[in-house]
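> any chance you could fold what I've pasted below:
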Amino acid sequence: MTHSFVLHIPDAELEPEPLAPEQIVSGTPEVTGKVVWESEDGRQVRGIWQITPGGVTDTEADELFVVISGSATIEVEGGATLTVGPGDMAVLREGDRTTWTVHETLRKAYAINL
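Modelled structure (predicted):
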């Protein structure tokens, strides 16, 4: 997109983003998402991401996100344990190794810098 826009996050249609089997710690979580804006050089990405209940691991990018709905606990290896729910803003640092325990389907809006 090259112009300003608005998007109603709760109703946005998302596309499947399959998890690698080695990322799944528990349950059968499913991920969907949508990139809504990306810089020309691909180093800045804005979008929506959703995950159903279960447990997954990840290595994070430099990310700021706001939870729209749902809840999760995010354990940062060697760091804090974050509990997030609707209206919460969180920051993850590039290289953080995390374990997400999703209690209720979580939808977030994010801004990632690569």
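
> please report the distance of Gly79 from Arg97.
Distance, Gly79 to Arg97, using C-beta to C-beta, to the nearest Å: 9 Å. Glycine gets a C-beta too; all of them are placed from N, C-alpha and C.

> contacting residues around Val102?
Pro29, Ile51, Thr52, Pro53, Gly54, Gly55, Val56, Gly70, Ser71, Ala72 (C-beta atoms under 8 Å, 6 or more residues apart in numbering).

> show me what the residue most central in space within the chain bridges to in the sheet.
Most central in the chain under C-alpha atoms, centre = their mean is Trp49, positioned 4.9 Å from the mean C-alpha point. Listed beta-bridge partners, Trp49: Gly33, Lys108 (assigned using DSSP bridges).

> quick one: it and Lys108 touch, right?
Yes: at 5.5 Å, Trp49 counts as touching Lys108 under the criterion of C-beta atoms under 8 Å.
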